[in-house]
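Undergrad: got a predicted structure plus its sequence, pasted below:
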Amino acid sequence: MRSKLVTVREVLSRVVAALAATLVVSLLLPVAPASAHGQLATSTPLKGTVVREPLTRLALYFTEKPASNAHFAINGPDGSRVDNGWSYGEPKRLDKPVTEYFMVNGVFEPRLYHTGFPAMVTVAHWPAKGRYTASYLSVASDGEAVRGEVTFDYQGPGTPAPAGWSAPTAGPDPTLAQAEGEGSSPGASSSPVAPTGATADDPAGATQEQRGGGFPAWLIPALIVVVVSAIVLVAARRRPSARGASTVDRRSAGGTGRGGAATRKPANPTRKSGNRSGGPARRGRR
């Protein structure tokens with residue numbers, strides 16, 4: 001019985017060790033880079049900065065020229081839109097190149113982009129101080145949606161809206177929503193990938209959007225390890241109780257045997273006394 005328990009222990013320990021090794025390897029393996037193109041490289045103003053003067057336009061620089069039907073919006077602190085159309089700007093050289101990946105013969109190969117292609121979004125007015133969000137939705141040359149936002153704080157003076165101006169209400173072009181795979185308007189946050197020589201949170205650097213945030217591949221082996229570990233713990237907790245019961249049974253059985261021997265012990269003195277008493281009788285006979 002003990003040999004069987006030892007064998008089961010060894011098998012379970014090996015399984016847990018193998019699953020743990022699989023989990024560690026899956027965590028250490030590099031994640032496949034995003035193959036999206038035409039991503040946001042930089043902006044004016046930069047993300048997370050403070051604007052103290054009423055700008056007339058915001059500039060969003062991409063690694064590719066935005067689509068002609070790209071959608072841009074600027075929302076003020078109260079959520080109302082303050083944008084008034086957009087136009088193409090003059091390309092400029094980026095301070096830090098942006099790395100994008102292309103699939104070549106089944107392998108992702110990096111490609112550096114040194115030029116930013118701007119979309120100049122007009123700001124109709126600055127109604128109040130606070131957090132502003134410039135969102136965008138376009139389609140890259142690979143047919144994938146380019147979606148994201150830039151947030152910043154405005155601490156400058158308020159400016160009135162132009163005469164006859166009304167806040168726009170039009171959403172993105174239906175073809176953009178189809179390319180994105182969702183019917184929502186731009187504005188949801190995205191997960192940037194750090195450009196060459198910059199961190200992901202560095203507003204001065206260019207960023208590359210990540211898409212396809214599905215089920216994490218490393219989560220499957222992690223769940224397996226957790227389940228197997230739980231099984232091993234439950235089995236380990238049950239074994240001591242079973243062993244304790246068997247030990248008690250053995251002790252009780254041993255105690256019964258000793259008790260039986262104890263009941264037989266009183267007969268021995270009787271026999272000995274009989275022998276001793278019989279000894280003189282025999283001597284008497286002699």
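TA: That came in fine, so what should we check first?
Undergrad: quote the end-to-end distance of stretch 122-134.
TA: Length of stretch 122-134, first residue to last, Cα to Cα, to the nearest Å: 11 Å.
Undergrad: do stretch 161-174 as well
TA: End-to-end for stretch 161-174, by Cα to Cα: 29 Å.
Undergrad: that stretch: which residues count as buried?
TA: 172-173 (16 or more other Cβ atoms under 10 Å). Just so you know, the C-beta spots here come from the backbone N, C-alpha and C atoms, and that holds for glycine as well.
Undergrad: which parts of stretch 84-91 are buried?
TA: Those would be 84, 86, 89, for stretch 84-91 by 16+ other Cβ under 10 Å.
Undergrad: nearest to Ser138 among these?
TA: Trp86 (10.7 Å; Cβ to Cβ).
Undergrad: please, which helix or strand holds that closest one?
TA: Counting by DSSP states H and E, the element that carries Trp86 is strand 83-88.
Undergrad: show me the helices in the stretch 101-250 of the chain, by range?
TA: 174-180, 219-264 (DSSP state H, counting those that start in this stretch).
Undergrad: quick one: which of those has the weakest pLDDT on average?
TA: Ranked by mean pLDDT, the helices of the stretch 101-250 of the chain end with helix 219-264 in last place, scoring a mean of 58.
Undergrad: avg pLDDT for stretch 88-95?
TA: 96.
Undergrad: partners of the strand holding Trp86, with directions?
TA: Strand 83-88 pairs in its sheet with strand 107-123 (antiparallel), by DSSP bridges.
Undergrad: if you count neighbours, what's buried in the partner strand?
TA: For strand 107-123, by 16+ other Cβ under 10 Å, it's 113, 116-123.
Undergrad: pLDDT on that strand, on average?
TA: 93.
Undergrad: do stretch 138-156 as well
TA: Mean predicted confidence for stretch 138-156 is 94.
Undergrad: picking that back up, which one of the buried residues of strand 107-123 sits closest to Phe72?
TA: The nearest one, if we look at the buried residues of strand 107-123 relative to Phe72 and count by Cβ to Cβ, is Val121, at 4.6 Å.
Undergrad: ok, that closest one touching Tyr132?
TA: No. Look at Val121 against Tyr132 with Cβ atoms under 8 Å: they stay out of range, at 11.3 Å.
Undergrad: overlap in contacts of those two?
TA: Ile74 (Cβ atoms under 8 Å, 6 or more residues apart in numbering).
Undergrad: who's in contact with Asp153?
TA: 49-51, 129-132.
Undergrad: where does Arg271 land on pLDDT?
TA: So Arg271 comes in at 50 (pLDDT).
Undergrad: element containing the closest residue in space to Asp83 that isn't next to it in sequence, please.
TA: Excluding its sequence neighbours, the residue lying closest to Asp83 (Cβ to Cβ, 6 or more residues apart in numbering) is Ile74, at 4.1 Å. Using DSSP H and E, Ile74 falls within strand 71-75.
Undergrad: got the CA coordinates for that strand in PDB?
TA: Taking Å, rounded to 0.1, in the frame of the first residue of the first chain, the C-alpha atoms of strand 71-75 are listed here in PDB:
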ATOM      1  CA  HIS A  71     -12.900  60.200 -38.400                       C
ATOM      2  CA  PHE A  72     -11.600  62.700 -35.700                       C
ATOM      3  CA  ALA A  73     -13.300  64.100 -32.700                       C
ATOM      4  CA  ILE A  74     -12.400  66.300 -29.800                       C
ATOM      5  CA  ASN A  75     -14.400  66.200 -26.600                       C
END
